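Engineer: Sharing a sequence plus its predicted fold:
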Amino acid sequence: MARSRFAMGAALLGAFFIGCFDHTFVLDSFVDAHDADPGDGICASAAGECTLRAAVEEAEALEGYDLIHVPAGTYFLTLGELRADEGLLIAGAGWEDTIIDAGGNSRILSTIAVDYENPALIALAGLTLQNGSSSNGGAIFNIENNVSLGSVSILDNVAARPNVAQGLGGGIYHQGGELQIKDSRILNNHAGASGGGIMSDVRSTLVVENSTIMGNSSFIAGGGIMNQGGSVRLKLVKLYVNSAPFGGAMAASAEEPAEDVIIEKGRFRGNSSSSASGALDSHVPVYASNTRFSRNTGPDCASPVIDLGGNDDSDGTCL
């Protein structure tokens, strides 16, 4: 199973990386340690080991698109988040086998575009990111780069600030550029404000295919997904048992005139809301086809979707 998921993820991400990688690093240590000399082309800590952090730091110091192979095992981050702003693919052995764990002490990965006109691609395949914690983006925080996840599990991450209802993107915070998610799982993440699983903020595009978004929660809006100021494309996506006061599974608010949400073959089931709609609370146009809304607590939808056919709604509020 892990090998097949890795193969699917690698195939997905390979479409973005044309030609060979400029540099390839293979980890040989589970220790969290810095690279001894970033930019020398050698992944090695002071102890001579190729750690995950050393590989990322070496890749960041070199030009081009780089590949990091992360063998099976659990890699605990003890020195804070990883930072990857340049083109990079981090590839594991499958989400059940390769785990990056922040232990609740920091975010796992952040990326900020060096050149907003020419965003880099940060890609992850075949691994789990778990137990990340930050004020925004518990596992992943992105500003203006393109991010692609293939066969990745985003699990048990938190975005929150102490004693206040703040925190965006329990699993992922994404602003600008395009976030693509395929064959992946966004599970049991929490946001102190909005976007328990995913926060897709202004000027962003979110594309999710053949994935499950389940058990996520937020204190205000968008238990599974919060979209604010961008477009969303969902195909073969299951949104199950997410919760928030507004839009248990998904919420969308208007910031720009070109925004919309397109859902194809979606499943919204068992989501809950204490104040508004259990499944979908959108203030932008939502186009839905072959999508089912069922067993949600609160009305399924705050307002009707644009029905493209083949939809099913258990309480009539979506159609």
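Structural biologist: Perfect, I can see it now.
Engineer: which stretches of the stretch 201-319 of the chain have low pLDDT?
Structural biologist: 256-258 (pLDDT under 70).
Engineer: residue ranges for the strands of it, please.
Structural biologist: Ranges of strands in the stretch 201-319 of the chain, per DSSP state E, counting those that start in this stretch, are 204-214, 217-218, 225-228, 230-240, 250-253, 261-264, 267-269, 280-282, 286-289, 292-294, 306-307, 312-313.
Engineer: Can you report how many residues lie near the residue lying closest to Asp40 once chain neighbours are set aside?
Structural biologist: Nearest residue to Asp40 in three dimensions, chain neighbours excluded: Glu58, at 7.8 Å (CB to CB, 6 or more residues apart in numbering). Yep, even glycine has a C-beta here, placed from its N, CA and C like the rest. Neighbourhood size, Glu58 [other CB atoms under 10 Å]: 24.
Engineer: okay, Glu58: pLDDT?
Structural biologist: pLDDT, Glu58: 97.
Engineer: Equivalent analysis for Ala11, please.
Structural biologist: Taking Ala11 on its own, its pLDDT is 40.
Engineer: Repeat that for the one 10 residues further on.
Structural biologist: According to the predicted model, the pLDDT of Phe21 comes to 89.
Engineer: so what's the backbone phi/psi at Glu60?
Structural biologist: Backbone torsions for Glu60, taken as degrees, to the nearest 10, come to phi -70, psi -30.
Engineer: got the contact list for the closest residue to it other than its chain neighbours?
Structural biologist: In space, not counting the residues next to it along the chain, Glu60 is nearest to Glu86; the distance is 5.7 Å by CB to CB, 6+ apart. Applying CB atoms under 8 Å, 6 or more residues apart in numbering to Glu86 gives the contacts Ala59, Glu60, Glu63, Asp66, Val114, Ala120.
Engineer: Which one (most neighbours) among these?
Structural biologist: Ala59 (27 neighbours).
Engineer: Tell me what the closest residue to that residue other than its chain neighbours is bridged to.
Structural biologist: Nearest non-adjacent residue to Ala59, counting by CB to CB, 6+ apart: Asp66, 3.9 Å away. Counting by DSSP bridges, Asp66 forms beta bridges with His23, Leu88.
Engineer: now stretch 77-89: how far from the chain's centre is it?
Structural biologist: Distance, stretch centre to chain centre, for stretch 77-89: 15 Å (CA atoms, centre = their mean, to the nearest Å).
Engineer: Give the rounded mean pLDDT of that stretch.
Structural biologist: pLDDT averaged over stretch 77-89 gives 96.
Engineer: Of all the residues in it, which ones are buried?
Structural biologist: Neighbour-count burial for stretch 77-89, counted by 16 or more other CB atoms under 10 Å, picks out Leu77, Glu81, Leu82, Ala84, Asp85, Glu86, Gly87, Leu88, Leu89.
Engineer: Centroid-nearest residue for this protein?
Structural biologist: Centroid-nearest residue in the chain, with CA atoms, centre = their mean: Ile172, separated by 4.4 Å.
Engineer: where's that one relative to Ala279, distance?
Structural biologist: 20 Å (CB to CB, to the nearest Å).
Engineer: Can you report phi and psi for the residue nearest to Asp40?
Structural biologist: Per degrees, to the nearest 10, the backbone of Glu58 is at phi -70, psi -40.
Engineer: Give the bridge partners for Met250, please.
Structural biologist: Ile225, Leu280.
Engineer: quick one on the thing from earlier: what's the most distant pair in the buried residues of stretch 77-89?
Structural biologist: Leu77 and Gly87 (21.8 Å; CB to CB).
Engineer: Let me know how buried Cys20 is, in neighbour terms.
Structural biologist: Other residues close to Cys20 by other CB under 10 Å number 10.
Engineer: and it, what is it in contact with?
Structural biologist: Going by CB under 8 Å, 6+ apart, the list of residues near Cys20 is empty.
Engineer: For my notes, confirm it occurs in a helix.
Structural biologist: No. Using DSSP: H, G, I helix; E, B strand; the rest coil, the secondary structure at Cys20 is coil, not a helix.
Engineer: Serialize the contacts of Glu86 to TSV and add fields for distance to Gln228.
Structural biologist: Output for these, formatted as TSV (distance: CB to CB, whole Å):
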residue	distance to Gln228
Ala59	31
Glu60	30
Glu63	34
Asp66	32
Val114	25
Ala120	23
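Engineer: Closest one of these to Leu149?
Structural biologist: Ranked by distance to Leu149 (CB to CB), those are led by Ala120 at 15.2 Å.
Engineer: State the pLDDT value of that closest one.
Structural biologist: Reported pLDDT for Ala120: 94.
Engineer: Apart from its neighbours in sequence, what residue is nearest it?
Structural biologist: Gly87 (4.6 Å).
Engineer: For the one you found, what are phi and psi?
Structural biologist: phi -60, psi 130.
Engineer: Report the contact partners of the residue nearest to the centre of the chain.
Structural biologist: 137, 139-142, 147, 154, 179, 186, 195, 197-199.
Engineer: Now rank those by neighbours and give me the top one.
Structural biologist: Most surrounded of these: other CB under 10 Å gives Gly195, at 35 neighbours.
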